[in-house]
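Chemist: Sequence plus predicted model, see below.
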Amino acid sequence: MLEVADVTHSLRARNIDIDVATHGWGTAPWVAGVKAALARAAKRDVRVDLTVGPSWPAAVSTITPDDDAACTELVHGQAVVSAGSSYDAALPEPVVEPASSVTRAELVTVQAHRVTGYVRDRNNNITSTILDPASYLDLSDSVEGEHLTWTAPAEPAGATWVVLATWQRGSGQEPEAGPHTSPRAYVVDHFNRRGAQKVIDLWQDRVLDGELRTLLRAAGGYLFEDSLEIETEATIWTRDLLDEFEAKHGYDLRPWLPFVLEKDEKYQFSIAAADPATADNLRTNEIRDDYNIVLSDLYRDHHLRPMQEFAKTLGMGIRIQPYGLETDTMQHSAVVDVPETESLGFKNLDDYRVMAAGRDLAGHKVLSCEAICYNGAAYNTTWGANSTSPTAQNQALFTINSIFVAGVNQLMIHGFPYAKAPDVTWPGFAAFSPYYNGAIGFGEAWGPRTPQWQHIPGIAAYLARTQLVLQTGAPKYDVAFWRHKGWASTGIGPQWITNNGTKLGWSHSFVSASLLALDGVDVANGRLAPDGPAYKAVVVGPDNLRSNAFTMEIDGAKRLLALGRKGLPIVLIGDWSQVTVAGRDSEAATAEVRSLMAQIGALPTTRTVPDAEVGNALAALGVVRDVEHADSTVMHVRRVTGKVDLYYLANARHAENRRLNPVQQDVWLTATDRAAVPWLLDAWTGEVTRIAAYERAGDRVRVRVDLVPGQSTVVALAAPGAGVARSVLPVATAGQAVVARGANVALRTTTAGTFQLTKADGRTVKVAVDRVREPVTPQSWALALEDWKPANPVDPKDLATTKEVVTSDLASLQSWSKVAGLEDASGIGRYRTSVDLGTDWTAEDGAYLELGEVNDTFRVRVNGELLAPCDPMDPVVDLGHALVPGSNTIEIEVASTLLNRLRTVTPSVYGVATRQSYGLAGPVRLVPYVEKVVAV
């Protein structure tokens, strides 16, 4: 599948004007281009997604910021009045100037509150004004037009009052890097159905016709919206918010309005504490939480669902990144057809798991991700360079293989932009580079104008096979952690699982009150949602997004109690005796939620422990993990289809700033079918082979994994198939492995000697290997470098590329960027050497090719034959039995990024970057092995 998007950030960064009236989003040429793409896609069985509007957020050219359907903000003005003094003047001016396109504002409230203090930073600057909410005065009757006449109360003497006037007005927000249309497009109100309707109307009135509708039904996939980046220097608002708030929460927001007012994305007021020891910030946050819940519900009901209904009329669904605000992204991920995350903005793996939770409990299949974008990485993104560079673990496959274990199973990768655009220079248009400040942007321009593209078929096949595994069957988890708020991209997760559980094989996801309210979410046989994620237990801790406060929604507590009564194991972290209600509290609500939590705590299947004891509590409840291994960075996804278990295992990191080490260890996997045997699904080659070395204990199977940092593998537990699955126990000796050879088992060893293997029944068998060739270090290398550069260096707007081949005999193996005259060359280097193996090389002989440092993607040819695609993160290639007696020619083809060449071609943008190391640096060794069939 692919996505058609209108993104021109790099042109705006160069102050290049685009003829949006003729070629902007939604124009006749744009529609014609979309039709052409859909027609070709239909012939190739490719699905095409379309953005709902130009850039993001959703915007239309049929409104102005003054329209009721436009994105709205609430702005406030404030004035200080002393006790007993009078205010007789125009209302205080708004603290935020309106956008130039905004011409009207509507007065919403005029009120006064008594000031009780100030919050200051370490430099003594006021960061927040503390107000007494009980002092609220509605001054509406004292306003005539825009003039206020009011005298502050004389008591208490010496007090200070703040007068607040608020207006609702259009924010004037335009989609990113606009304008994209003529007239200009403005962001719609995402919290009012009027906004969604404007988007739908534009499509129906100006974009869709019979031909396009037919093509969308044939090849259309999803309507897409990027993240919910509603931007204002005032307060996010919608014109019906006060009424919607009272209908939702049963109280008037006006007396509490100051505590949600913002300026420059910072709250301006907080609630006074009656006692300095009390959590006054919690009281403030209760109001803000209630406000955010209303925005969240409005976004769900008045934007997501109308857009989804419209998409269905086109035979499509919606793929949306429903995050960016403090709204319930978990719930929204359950609503949309395909929720999408992004690797650029998410802070760790739990950020992805939050969204996967909504997908899983809603019974959806896909969690998409706008993947492998890095700030400043345009034209220098590597797939998996295994050098010792500090950034070597910060690129594509390191990210991809890690986020896969967090629930992502579809990647949307930037790339393949049009070659031409106004005033672009070689190598062509790149959507996000240069960026706004003229610096190197983000997101590669993957396509035929980048050298690595020559190797993309192998990488694409790997991603496709892995995603197929991760979209098959249903995911299964050990534990679900309670999430009090469904916010995404917080970087905050449960401590026990991050610090202890995951390292030992525990898997986890999240649940919330809103997810438990989904249809069909129930308990059977001690499992929550048994046909889906099948959580074995729920762990409930304090709200770690609100200073670890012990709060709980009444509805959530009721649902949790009902599930516990049906036998669901529950672990409570900490003392819940003083729990309060999430949102604005009352004595009756407090009493009810405390009673509910006490009942939960008293259930025989509940344990209450400190955070550090969660593991012991799970053990006491009889909850065991599906995967067990010694402390390591191996993480997994288990998916079950019928009687087949699919395990995706990766040497993964929780956050991008973590460093990884190689892992070689045994892993115990749980099997649905006790007769199942392990199979290796090689996502790089597509081969499925039986794992010959394993141990079974009941419903568990032990296999050995060997993963370099960031690497992954897929193990399936499935029926043995025809014949007997002969096996021995896994071996941990370096240089030895056990492999399946048809119905037989073979020992592979890189050293000679007599070796002992243990059979599944405990008996042993000895294997004698008389000789293994010594490793060979090739000394002589020839380099043929395909140097990619502008064909016409005099005219930078000539986008043609010349690929001059430069040959060099290397006295010693080295990166081509260290060869004199090739320091700034980007392209494809082919390193060739010959190895004479003599005449006694036999069918039992094979070899590993150790490449040492190689940057970036690479392919290997032996005697002119191209081997299967290589994992660019693993510099060891199994040549199998491709070598022959006598002389053998080995060629390693390495592709680079374009950065080094662009440093010289466009130094104003790329000249600040450090030159990358390209090619094969080694050391390279050929390590022979021998395979001996074992009688088992």
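Modeler: Structure's in. What do you need?
Chemist: okay, and for the protein, where does confidence drop off?
Modeler: Across the chain, the ranges flagged by pLDDT under 70 are 273-282, 385-394, 722-725.
Chemist: and with 80 instead?
Modeler: 272-282, 385-394, 436, 722-726, 743, 936 (pLDDT under 80).
Chemist: Once you drop chain neighbours, what's closest to residue 34?
Modeler: residue 4 (6.1 Å; Cβ to Cβ, 6 or more residues apart in numbering). Bear in mind the C-beta positions are built from the backbone N, C-alpha and C, glycine included.
Chemist: residues near residue 806, how many?
Modeler: 16 (other Cβ atoms under 10 Å).
Chemist: what does residue 763 give?
Modeler: Residue 763: 10 neighbours (other Cβ under 10 Å).
Chemist: Roughly how far does it sit from residue 756?
Modeler: 11 Å (Cβ to Cβ, to the nearest Å).
Chemist: So in the chain, which strand runs the longest?
Modeler: strand 105-120 (DSSP state E).
Chemist: is it true that residue 507 touches residue 478?
Modeler: Yes. The criterion here is Cβ atoms under 8 Å, and residue 507 meets it with residue 478 at 4.9 Å.
Chemist: which neighbours do these two share?
Modeler: 625, 626 (Cβ atoms under 8 Å, 6 or more residues apart in numbering).
Chemist: circling back to that earlier point, need the CA coordinates for the longest strand of the chain. PDB is fine.
Modeler: Only the C-alpha atoms of strand 105-120 are listed here, as PDB (Å, rounded to 0.1, in the frame of the first residue of the first chain):
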ATOM      1  CA  ALA A 105     -14.300  37.600  18.600                       C
ATOM      2  CA  GLU A 106     -17.300  36.800  20.800                       C
ATOM      3  CA  LEU A 107     -17.200  37.600  24.500                       C
ATOM      4  CA  VAL A 108     -17.800  34.500  26.600                       C
ATOM      5  CA  THR A 109     -17.300  35.400  30.200                       C
ATOM      6  CA  VAL A 110     -16.300  38.200  32.500                       C
ATOM      7  CA  GLN A 111     -15.400  37.200  36.000                       C
ATOM      8  CA  ALA A 112     -13.300  38.000  39.000                       C
ATOM      9  CA  HIS A 113     -11.300  35.800  41.500                       C
ATOM     10  CA  ARG A 114      -9.400  36.700  44.600                       C
ATOM     11  CA  VAL A 115      -5.600  36.200  44.300                       C
ATOM     12  CA  THR A 116      -4.100  34.200  47.200                       C
ATOM     13  CA  GLY A 117      -0.500  33.900  46.000                       C
ATOM     14  CA  TYR A 118       1.900  33.100  43.100                       C
ATOM     15  CA  VAL A 119       4.000  30.200  41.900                       C
ATOM     16  CA  ARG A 120       7.500  31.200  41.100                       C
END
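Chemist: Each with direction, which strands does it pair with?
Modeler: strand 126-138 (antiparallel), strand 160-170 (antiparallel) (DSSP bridges).
Chemist: Can you list the strands that the helix or strand just after the longest one pairs with?
Modeler: Next along the chain after strand 126-138, taking DSSP states H and E as the criterion, comes strand 143-144. If you go by DSSP bridges, strand 143-144 pairs up with strand 147-151 (antiparallel).
Chemist: which residues are contacting the strand it pairs with?
Modeler: Residues contacting strand 147-151 (Cβ under 8 Å, 6+ apart): 81, 84-91, 110, 112, 139, 142, 163, 165.
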